[in-house]
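Student: With the sequence up front, the predicted model follows.
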There are 2 protein chains.
Amino acid sequence: MSEDLASKERLRLWLRFLKASRAIEAQIRDNLRREFASTLPRFDVMAALSRYSDGLKMSQLSEVLRVSNGNVTGIVDRLVEDGILVRVAVPNDRRAWLVRLTERGEKEFAAQAEAHENWINEMLAEFGPKDAANIAIRLEHLEKSLREKTL
Amino acid sequence: MSEDLASKERLRLWLRFLKASRAIEAQIRDNLRREFASTLPRFDVMAALSRYSDGLKMSQLSEVLRVSNGNVTGIVDRLVEDGILVRVAVPNDRRAWLVRLTERGEKEFAAQAEAHENWINEMLAEFGPKDAANIAIRLEHLEKSLREKTL
DNA sequence: CCCACTTACTTCAACCTTAAAATATTTTTA
DNA sequence: TAAAAATATTTTAAGGTTGAAGTAAGTGGG
């Protein structure tokens, strides 16, 4: 089983994949910290909410981000403290909260998102638009097949 | 700047890339937890040390893994408690420690590494050996160019 | 109506992570 | 050689992450 050559090549692929992914992520974290005094998880929450202007319930947010409920609680707590988000009560269900970007949060996210796109554009400069599109589609397939396997 | 189409394609590529990478990583973490009651950072430390049978100094370990010094301290502490690693004093330098796998640590790592290779092999089954090799090389370039940019 | 079940969210304990400060030791320099 | 600088590591504070346990509120069958 472990002398299978294809298996070794796939392992090698994964190790490269992980290394590249971590390098890019580290750069983004660093930039967010230095230029916006923020973090990637905070950015992720803002990005998710920017796509839902009506807001999301806590559970929907953790679903979208694929992280645990308790995790979202902590990040949202801090973003609310900072005036980036608001929690709004949901009519007819006193258990649930709707979370939305504040006006200030929207402005802040717009600035961060533009910078973020530029960082990526520079880091992935060696990929032409066609290459980028092709690989993106391939990765989409991979991610989908993984999701099916994990059902 | 942000209406550049290539930029949008690269951003899309990065988001797919990150999603796939996180999905694979999550699966590995889950498997490590369930089958070995362990974690990915612990696995990474063991993997690094398995390539250096003479051991590594703490600073070398954090260099190889590209994580902070303090981080390595905590993970190694726990692995030492569990009998997976030993800290050995370095002659002529009382500041430094050499960290090595114990015999038990080596056996434990061998078992985990084999399982790990099999998990990857299944998850990346849709990549043939040639594809895997090609993409791996491409990612190696990417990672190298990122490292140069960050110098 | 009420008791069991489910749902929405928070809290908790343990671990991971970082940057910055602290400690201890070695090396360099004045 | 004493003081300063550099090196090796740990500690600390703040945040992120999870699974599991806890709290509160809605839902439904008997």
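Tutor: All right, it came through fine. Residues are numbered from 1 along each chain as shown, chains lettered A, B, ... in the order given.
Student: going forward, measure contacts between C-alpha atoms and count neighbours the same way
Tutor: Fine.
Student: show me where chain A has helices.
Tutor: Applying DSSP state H to chain A gives helices spanning A:5-36, A:40-50, A:58-65, A:69-81, A:103-123, A:129-150.
Student: Wondering if the second one reaches chain B at all.
Tutor: No - in this structure, helix A:40-50 remains apart from chain B according to C-alpha under 8 Å from any C-alpha of the partner chain; the gap is never smaller than 11.2 Å.
Student: need the residues of chain A near DNA strand C, please.
Tutor: Neighbours of DNA strand C within chain A, by C-alpha under 7 Å from any atom of the strand: A:30, A:57-60, A:69-74, A:95-98.
Student: returning to what we had before: looking at the helices of chain A, which is closest to DNA strand D?
Tutor: For DNA strand D, the closest of the helices of chain A is helix A:69-81, at 3.4 Å, according to C-alpha to the nearest atom of the strand.
Student: So which bits of the closest one are buried?
Tutor: Neighbour-count burial for helix A:69-81 flags A:Val72, A:Val76, A:Leu79, A:Val80 (criterion: 16 or more other C-alpha atoms under 10 Å in any protein chain shown).
Student: How about the contacts made by the residue most central in space within chain A?
Tutor: The residue lying closest to the centre of chain A (C-alpha atoms, centre = their mean) is A:Asp44, at 4.1 Å. Applying C-alpha atoms under 8 Å, 6 or more residues apart in numbering or on different chains, we find A:Asp44 in contact with A:Leu65.
Student: Identify each buried residue in the longest strand seen in chain A, please.
Tutor: When chain A is parsed with DSSP state E, its longest strand is strand A:93-101. The neighbour-count check on strand A:93-101 (16+ other C-alpha under 10 Å) flags A:Trp97, A:Leu98, A:Val99, A:Arg100, A:Leu101 as buried.
Student: quick one on the thing from earlier: of the buried residues of helix A:69-81, just say which sits nearest to DNA strand C.
Tutor: Set against DNA strand C, the nearest of these by C-alpha to the nearest atom of the strand is A:Val72 (6.8 Å).
Student: Hmm, A:Leu61 and that closest one touching each other?
Tutor: Yes - the pair A:Val72 / A:Leu61 is scored as a contact, 7.4 Å apart, by C-alpha atoms under 8 Å.
Student: circling back: which of the residues of chain A next to DNA strand C sits closest to A:His116?
Tutor: The closest of the residues of chain A next to DNA strand C to A:His116 turns out to be A:Asp30 (C-alpha to C-alpha; 11.4 Å).
Student: tell me the pLDDT at A:Thr150?
Tutor: Note on A:Thr150: pLDDT of 67.
Student: go on, A:Ser2?
Tutor: For A:Ser2, the model assigns a pLDDT of 45.
Student: same deal with A:Arg138?
Tutor: pLDDT, A:Arg138: 86.
Student: ok, back up a step: from the residues of chain A next to DNA strand C, which two are the most distant?
Tutor: A:Asp30 and A:Arg95 (36.8 Å).
Student: Single out whichever of the buried residues of strand A:93-101 has the smallest pLDDT.
Tutor: Lowest pLDDT of these: A:Trp97, 92.
Student: Could you verify my assumption that it touches A:Val88?
Tutor: Yes - in this structure A:Trp97 lies within contact range of A:Val88 using C-alpha under 8 Å: 5.7 Å.
Student: related to what we said a few turns ago, could you dump the helices of chain A to TSV with distance to B:Arg16?
Tutor: Formatted as TSV, those follow (distance: least, C-alpha to C-alpha, whole Å):
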stretch	distance to B:Arg16
helix A:5-36	11
helix A:40-50	14
helix A:58-65	14
helix A:69-81	22
helix A:103-123	13
helix A:129-150	6
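Student: got these as TSV, with distance to DNA strand D columns?
Tutor: What follows is these, written out as TSV (distance: least, C-alpha to the nearest atom of the strand, whole Å):
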stretch	distance to DNA strand D
helix A:5-36	10
helix A:40-50	4
helix A:58-65	8
helix A:69-81	3
helix A:103-123	15
helix A:129-150	13
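Student: hey, least reliable of those helices by pLDDT?
Tutor: Comparing mean pLDDT across the helices of chain A, the weakest is helix A:129-150, with a mean of 83.
Student: how about that helix: buried residues?
Tutor: A:Pro129, A:Ala132, A:Ala133, A:Ile135, A:Ala136, A:Leu139, A:Glu140, A:Leu142, A:Glu143, A:Leu146.
Student: From B:Arg66, how far out is the fifth one?
Tutor: Using C-alpha to C-alpha, to the nearest Å, A:Ala136 is found at 27 Å from B:Arg66.
Student: Count the residues that sit near A:Ala6.
Tutor: 18 (other C-alpha atoms under 10 Å in any protein chain shown).
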